[in-house]
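Student: sequence first, then the predicted structure, then my questions.
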Amino acid sequence: MIGLNHYLILSGILFTIGLIGVLRRRNLLMLFFSTEIMLNAANVAFAAISNFYHDLSGQMFAFFIVAIAASEVAIGLGLLILVYKKENTLDLDDLASMKG
Amino acid sequence: MEGLVYIALFAPLVSSLFAGSFAMTSKKQFVGVISSFLLFTSFVASAILGYHVLATNEAIHVKLMDWIVAGDLNIPFGFIVDQVSVTMMFVVTLVSTVVHVYSIGYMDHDKSFNRFFSYLSAFVFSMLVLVMSDNFAGLFIGWEGVGVCSWLLIGFWYHKADVARDINPSISPSWAANEAFIMNRIADLGMLIGIFIIYWNVGSLQYDVVFNAIPNMTQIVLTTAAIALFIGAMGKSAQFPLHTWLTDAMEGPTPVSALIHAATMVTAGVFLVIRANPIFEVTPDVSYFIAALGTFVAFFAASMALVNRDLKRIIAFSTLSQLGYMFAAAGLGAYWIALFHLGAHAFFKALLFLGAGNVMHAMDGELDIFKMGGLKKKMRWTYMYMGLASLTLAGIPPLAGFFSKDAIIETAFNEGSLILWAMLVVTAGMTAFYSFRQVFLTFHGDERYHEFGIHPHEMYKYVLIGMSPLAILAVIAGFFKDGFNDFIIKILPNYQMSEHTHHLALYLGLIVLAVAVSGIVLAYIKYNKGLVRSEKTENSFIYKLLANQYYIPNLYEAVISKPYAELSKLMWKNVDMKIVDATVDGIAKVLYKSGDKSRGMQSGNLSNYLNWMAIGAIVLLVVAILSLVA
């Protein structure tokens, strides 16, 4: 039987994968994917807890997150294309121009 | 009448501000003229007020405004013009007016002419606040104002460099100014403590309230208050052991010396004792100490004047000595005689100083009387003025000094203090001797100044005429003794000689007179022909002791100044540099270093930033969890 814990563990694993991706990856596009993974990890947790408590507000939150993630991706990808056209690369180490 | 009080008080302030607004510009004759005129206005107002008080026997009490009102503490800015303060106002404004007129001539060639007048008038204003205030707080403000102005004026020629004590005993004007200021601060602490004690026990600083509350105070409180107040008076009036600043203050321009010694500043101490007489009246032990100290100072200062070679310093020592007389009178309960001597002394002492200024002007700044001689041919008027003032100082009848000084000596006899009486009589002889030693060495005998290539010349006419009111008063002031007695006893205790003394008065007066005349005769025999220096006398122990002021300045330097400087150096090097500065610098260094080290974080690389953000978030999470668990 699959219980709440399984979902939460899955969510945790997904979030960790996303976090490691954010920390380790150097490609800007991959960073985007990683953040999407983290968002969806949160979605899984919301949906599971919502079902567990028979409360719909968690699922509503998940929908909002999906909507916001979609719009964020639309803008983010647009910006990425512009960056790529300008710099010809998406590697963060090469984009470090604001050195303090 | 209220308007007149304000005119008398604020005319010098207006004068000071007016002259001050020209302080940075070149010499302007009209500044001196207008300042003198404003001072004269103040004098006229004081004289009218004096007449009013004399005619009506009523004190004028005005309240300018509330000054300090906090809780139970209520100190108004109030002024009282009664018999005592109006006498002081009359003397102060008269002498100050003459000094202002004199300064126009004396400071003629000084480039800081305008600044000088500004300070001079501020000095007079402070003194008027001091004498006119109706409470101890106002008196203290005037007291401090006088201190500041004296500092400004003694150090007026601040650009002069320091020299060794052997060449010039007062080292330099700025040194002398600092000495005067610091010594006065020491005494002012005593004064402040006295005022605090009074407030603590009475709850008010108004004179009338305080004096009415005296019966309710315990003897110990009164004695402590009297001692503390007298310490303040000792500083201002340069009584032993705080006397060294007075002779060093001769570094200031001569009109300042005249003002300090005659009208403002040093008489403030005597004034305080007279003003607070109800307190001293009920503390006989303190009063007797005042009388004894005064007598000692009179003798002590006169002895130092016997051998001094500096014209102005001799006069300064004589002031010290005469202040001793005033304190002796005040300490013995004869407050009105002290005040009378204060007034008479102000006239002839100002005259002496201004005369000395003329001589100094004529001799191109030379003050050594051994280098003068025979000046009477060149400076007839100055000779007359100084001779007259010296006769008055020596106490020759019928001049003012005879009446006032003789009354003091008689008081000492009347009180049965024969030791004090004998010392005061001897001092009178010494006074006569050193005054005329100085007169003869300066004006009589061979003309020694030729050797030094000096061509003396008399002072300007208007200056000499300006000095005449002082000369007239020095002659006639004594005749007003009985009138003054009737006037002043309305508020001061009436001190009268006993029957016994009254009978002997003539003989007592004759003794004093004989001693004084013999002093003059001795000076005449020794110095009239010219200067005869004897190696043997000058190398004797006593001569050296007196010439070096009993080595007291050296003692102060060795015991107080030098160790204090060493201690300051030690504290600077060890405590200040190693502890205080090190702490402050350490904090700055930690911040600077941490900033420098953490600068590397800002690499401009987004990935690094994200790593730091993740670390921060994890740390916050851990903290949050830990705080929830705990």
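Tutor: Okay, I see it.
Student: residue B:121: which element?
Tutor: Here residue B:121 is covered by helix B:113-132, with elements defined by DSSP states H and E.
Student: same deal with residue B:80?
Tutor: strand B:73-81.
Student: off-centre distance for the helix holding residue B:121?
Tutor: In terms of Cα atoms, centre = their mean, to the nearest Å, the centre of helix B:113-132 is set 13 Å apart from its chain centre.
Student: do stretch B:60-74 as well
Tutor: Using Cα atoms, centre = their mean, the offset of stretch B:60-74 from its chain centre is 28 Å.
Student: how about the residues of chain A that lie near chain B?
Tutor: A:19, A:22-23, A:25-26, A:28, A:31, A:92-93, A:95-100 (Cβ under 8 Å from any Cβ of the partner chain). (C-beta placed from N, C-alpha, C; glycine too.)
Student: try 10 Å
Tutor: Residues of chain A lying close to chain B (Cβ under 10 Å from any Cβ of the partner chain) are A:19-20, A:22-28, A:31, A:34, A:91-100.
Student: make a PyMOL selection of the buried ones in those.
Tutor: Selection of the buried residues among the residues of chain A next to chain B in PyMOL, burial being defined by 16 or more other Cβ atoms under 10 Å in any protein chain shown:
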select buried, chain A and resi 19+22+23+25+28+31+34+92+95
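Student: quick check: residue B:65 is in a strand.
Tutor: Yes. Under DSSP: H, G, I helix; E, B strand; the rest coil, residue B:65 falls within a strand.
Student: find the nearest non-adjacent residue to it, please.
Tutor: residue B:77 (5.1 Å; Cβ to Cβ, 6 or more residues apart in numbering or on different chains).
Student: wait, that neighbour touches residue B:138, no?
Tutor: Yes. Residue B:77 is in contact with residue B:138 according to Cβ atoms under 10 Å; the separation is 6.6 Å.
Student: of the two, give the one with the bigger neighbour count.
Tutor: residue B:138 (24 against 18; other Cβ atoms under 10 Å in any protein chain shown).
Student: the helix or strand encompassing that one to strand B:73-81, inter-axis angle?
Tutor: With secondary structure defined by DSSP H and E, residue B:138 is part of helix B:136-154. Orientation of helix B:136-154 against strand B:73-81 (axes from the mean of the first three to the mean of the last three Cα atoms, to 10 degrees) gives an angle of 70 degrees.
Student: what about stretch A:71-78, average pLDDT?
Tutor: Stretch A:71-78 comes out with an average pLDDT of 91.
Student: lowest confidence element among the helices and strands of chain B?
Tutor: When the helices and strands of chain B are compared on mean pLDDT, DSSP states H and E, helix B:535-539 comes out lowest with a mean of 78.
Student: can you list contacts of that helix?
Tutor: Contacting residues not belonging to helix B:535-539 are listed as B:307, B:543, B:544, B:547 [Cβ atoms under 10 Å, 6 or more residues apart in numbering or on different chains].
Student: hmm, 7 Å instead?
Tutor: residue B:543 (Cβ atoms under 7 Å, 6 or more residues apart in numbering or on different chains).
Student: nearest to chain A: which residue in chain B?
Tutor: Proximity to chain A, evaluated over chain B using Cβ to the nearest Cβ, is greatest for residue B:602 at 2.6 Å.
Student: do you know how far that residue is from residue A:78?
Tutor: Using Cβ to Cβ, to the nearest Å, we find residue B:602 at a distance of 28 Å from residue A:78.
Student: between these two, point out the one with more neighbours.
Tutor: residue B:602 (13 against 10).
Student: how much space between that one and residue A:23?
Tutor: 18 Å.
Student: just residue B:226 next, same as before
Tutor: For residue B:226 relative to residue A:23 (Cβ to Cβ), the value is 84 Å.
Student: how about residue B:60?
Tutor: To residue A:23, residue B:60 is 90 Å away according to Cβ to Cβ.
Student: same check, this time on residue B:407
Tutor: Applying Cβ to Cβ to residue B:407 and residue A:23 gives a distance of 103 Å.
Student: ok, the nearest residue to residue B:443 once chain neighbours are set aside - contacts?
Tutor: Nearest non-adjacent residue to residue B:443, counting by Cβ to Cβ, 6+ apart: residue B:376, 4.1 Å away. Counting by Cβ under 7 Å, 6+ apart, residue B:376 makes contact with B:383, B:443, B:444.
Student: which residues touch the first one?
Tutor: When contacts are counted by Cβ under 7 Å, 6+ apart, residue B:383 touches B:375, B:376, B:443.
Student: rerun at 10 Å
Tutor: B:355, B:358, B:359, B:375, B:376, B:377, B:439, B:442, B:443, B:444, B:458.
Student: off-centre distance for the helix or strand hosting the first one?
Tutor: Put plainly, it is residue B:355. Here residue B:355, judged by DSSP H and E, is contained in helix B:335-362. Relative to the chain's own centre, helix B:335-362 is displaced by 13 Å; criterion: Cα atoms, centre = their mean.
Student: and the next helix or strand along the chain from that helix, how far out from the chain middle?
Tutor: Remark: after helix B:335-362, the chain's next helix or strand is helix B:380-394, criterion DSSP H and E. Chain-centre distance of helix B:380-394: 23 Å, with Cα atoms, centre = their mean.
Student: the helices in the stretch 101-250 of chain B, which residues?
Tutor: B:113-132, B:136-154, B:173-202, B:207-212, B:219-236, B:244-248 (DSSP state H, counting those that start in this stretch).
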